[in-house]
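Engineer: Here's a sequence, model it:
(2 chains)
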Amino acid sequence: MPFGNTHNQLKMKYSAAQEFPDLSKHNNHMAKVLTMEMYERLRDKQTPSGFTLDDVIQTGVDNPGHPFIMTVGCVAGDEETYVVFKDLLDPVIEDRHGGYKPTDKHKTDLNPDHLKGGDDLDPNYVLSSRVRTGRSIRGFCLPPHCSRGERRTIEKLSIDALSSLGSDLKGKYYALKNMTEEEQQRLIDDHFLFDKPVSPLLLASGMARDWPDARGIWHNDSKTFLVWVNEEDHLRVISMQKGGNMKEVFTRFCTGLTKIEALFKQKGHEFMWNEHLGYVLTCPSNLGTGLRGGVHVKLLIPTLPQFSRVYGNFFSLFKFCGVDTAAVGGVFDISNADRLGFSEVELVQMVVDGVKLLVEMEKRLEKGQSIDDLMPSQK
Amino acid sequence: MPFGNTHNNFKLNYSLDDEFPDLSQHNNHMAKALTKEIYAKLRDKQTPTGYTLDDVIQTGVDNPGHPFIMTVGCVAGDEESYDVFKDLLDPVISDRHGGYKATDKHRTDLNHENLKGGDDLDPNYVVSSRVRTGRSIKGYSLPPHNSRGERRAIEKLSIEALNSLGGEFKGKYYPLKDMTDQEQEQLIADHFLFDKPVSPLLLAAGMARDWPDARGIWHNDEKTFLVWVNEEDHLRVISMQQGGNMREVFRRFCLGLKKIEEIFKKHNHGFMWNEHLGFILTCPSNLGTGLRGGVHVKLPKLSTHPKFEEILTRLRLQKRGTGGVDTASVGGVFDISNADRLGSSEVEQVQLVVDGVKLMVEMEKKLEKGEAIDSMIPSQK
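Structural biologist: Prediction:
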């Protein structure tokens, strides 16, 4: 792979125009933001671990994007990427995270007691609830850049921390490369198993190197708390359960994360975090809380033609409340759209309140009643 | 992508055992050759352009291989890779190229007049004839490693060189990124178009970066001489035509290559070559001549004969399907080409194809008549 800094210096023999990528067919955040002037200014820089501008943007150069889906088109190779390449990443972050400014401060709130309600979403409609986030371990390079030695150390530290968890968080680690067929089948059935990435977005950034070395899945015995090690981020932490008790899911999420963080700190390792960007993760889209909290909810009536004729695209309303939606077979995945600029509690609150409202609307519509008075306004 | 030299030095903080790849499930030449001792010795090295050991082996780490197909599992990022990492690459080369030693000398012979015969392969059997090779332009990094600036410079030089060709070589360049739909369809119909690599072997080595920037296809008006720019090598040069006149194909091949080389030399960018490894290419399997010369030939009876594989081996030939490497034969038509690349010259390799195919067509004719071919089975060439 090319992005040696010796090679980066060698590239300086070529002019900025000669090295500047052709982004004429591209539609991603990086391509929108990267100018020749910016490229010229940043092209000779490197982070302390040797990540360069071309490393940051390669995935966006190789994946022009889609007319309707705005991908990010750039990744971080280490914590310092967000500083050394801020001229590029700040505008990308601003564009992606609703106008978040370089001077803005991000709030972290992982106290589940601050969540109001959320324990009573109707399980006749809300099939399951889930909250996930990512964490990066300070002092190590991120998945696009880390070496086998770094990745194995991250795995070892993670196994150490996770195996000290007790009571309802007590669980077991399954290394991808040592998995038995039986274990693999069970993890697939539980929808826990992650596979070698096939997305060209991830492959182009180098995250699949050395697969499946030092990758694995940890979950607790009750299968409600799951950690992915060395996939797209150092750690992906997921709390989930059937039904609508988002409060419980979020409480377990916060408790688990806090415990894991304490265990890492005991060994002298913190999570990457700062007061501007919150938790630092590989993809700029996951900065801040890195949190996607949501439910699978059965909602039939809004998809009926007679309804959409009157109310239009029902779910686009919920973008105003900060929730995102996708549907498979009448079951909608509703989650928060934001990551940065709101705290964990605030984002999960949006989901809880939004879903509660949706279910109420569904019930009204089932009874043939109007929902005009329930329509949400911009949050 | 990670293999920064700053990062390479950083990696030295981790022990040999921490960084050594897990090759327990692997079956490729790199995995066979790479020991912890070799890794320890080479891990802090870099070529002048900054290519490191981890860069060389990444494709082999990411692609464990197949129990039956021995892939190479390593690539060069520049000319100096073969030098700086010789402790790994020499054993790989030896294993891949029939015991070729670190002290051996390679012969280059692109004088088409030295080929005997080859103009009379029976076109009732030999459907088409083709010779291809690769060339790397001195002073630039290779496809796994080069930057956009380098790749574009290679394209520019190549277009200049190719556009100055005249006579039977007069032709046109089609850059991949500016192609019209019509041009694209024509090139597909002619079987000239190459696509963004999908093979994980190539992707893991970084050869598809910035696609389709600075990639293109040049061919002469008669569609018998074709050059791919910036695919798996800087240049892939192909001479081909329908029927069995391999002599003519090889003549055009040698002549065209010589002309192109002259033009590059005028710009002080000759081809990468040395007397030990011959022509230097990205994949160690293509060193030497980089030449694959072959035919599409109808051998429905011979191909089902129990001794078919043995005959091929003795003739120093290999078979592929009609789609090229890793494809299947369709309708009894096989792609038969030389198996060797390093340690014999271009003329010698094409001679083996010409003589071998001639023999196999005779065998096929015998089998059609219900006669035995035992007396025709060749000794090991």
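Engineer: For the rest of this, base every contact and every neighbour count on C-alpha atoms.
Structural biologist: Noted.
Engineer: pull the CA atoms of the biggest strand by length in chain A into CSV?
Structural biologist: In chain A, with assignment by DSSP state E, the single longest strand is strand A:126-135. Presented in CSV, the C-alpha positions along strand A:126-135 are these (Å, rounded to 0.1, in the frame of the first residue of the first chain):
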residue,chain,number,x,y,z
VAL,A,126,-42.4,-1.9,19.3
LEU,A,127,-40.8,-5.3,18.6
SER,A,128,-37.2,-4.5,19.8
SER,A,129,-35.1,-1.8,21.1
ARG,A,130,-31.3,-1.2,20.6
VAL,A,131,-28.6,1.3,21.3
ARG,A,132,-25.1,1.2,19.8
THR,A,133,-22.0,3.3,19.8
GLY,A,134,-18.3,3.0,19.1
ARG,A,135,-15.3,3.7,21.2
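Engineer: Get me the contact residues on the stretch 1-150 of chain B for chain A.
Structural biologist: Taking C-alpha under 8 Å from any C-alpha of the partner chain as the contact definition, the stretch 1-150 of chain B meets chain A at B:1-7, B:10-11, B:14-15, B:18-22, B:48-51, B:55, B:58, B:61-62, B:144-150.
Engineer: Just name whatever secondary elements the next helix or strand along the chain from the longest strand of chain A is in contact with.
Structural biologist: Downstream of strand A:126-135, the next assigned helix or strand under DSSP states H and E is helix A:148-163. In this structure, helix A:148-163 makes packing contacts with strand A:171-175, helix A:246-266, helix B:16-19, judged by 3 or more C-alpha pairs under 8 Å, 6 or more residues apart in numbering or on different chains; DSSP states H and E.
Engineer: export these to CSV and tack on mean pLDDT, distance to B:Val297 and mean neighbour count?
Structural biologist: As requested, these are arranged in CSV below (pLDDT from 0 to 100; distance: least, C-alpha to C-alpha, whole Å; neighbours: other C-alpha atoms under 10 Å in any protein chain shown):
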stretch, mean pLDDT, distance to B:Val297, mean neighbour count
strand A:171-175, 96, 49, 18
helix A:246-266, 96, 65, 19
helix B:16-19, 96, 48, 18
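Engineer: Adding distance to B:Leu115, write these out as a markdown table.
Structural biologist: Shown next, in a markdown table, are the helices and strands packed on helix A:148-163 (distance: least, C-alpha to C-alpha, whole Å):
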| stretch | distance to B:Leu115 |
| --- | --- |
| strand A:171-175 | 58 |
| helix A:246-266 | 71 |
| helix B:16-19 | 50 |
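Engineer: Of all those, which one comes closest to B:Glu168?
Structural biologist: helix B:16-19 (53.9 Å; C-alpha to C-alpha).
Engineer: so after the closest one, what's the next helix or strand?
Structural biologist: With DSSP H and E setting the assignment, the helix or strand that follows helix B:16-19 is helix B:29-33.
Engineer: May I have the longest strand along chain B exported as CSV, CA atoms only?
Structural biologist: Secondary structure of chain B read by DSSP E shows that its longest strand is strand B:126-135. Coordinates of the C-alpha atoms in strand B:126-135 are reproduced here as CSV (Å, rounded to 0.1, in the frame of the first residue of the first chain):
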residue,chain,number,x,y,z
VAL,B,126,-6.5,-23.1,-33.8
VAL,B,127,-9.2,-20.4,-33.5
SER,B,128,-6.9,-17.5,-32.5
SER,B,129,-3.4,-16.7,-31.5
ARG,B,130,-2.1,-14.1,-29.0
VAL,B,131,1.1,-13.0,-27.3
ARG,B,132,1.1,-10.6,-24.3
THR,B,133,3.6,-9.2,-21.9
GLY,B,134,4.0,-6.4,-19.5
ARG,B,135,6.4,-3.6,-19.2
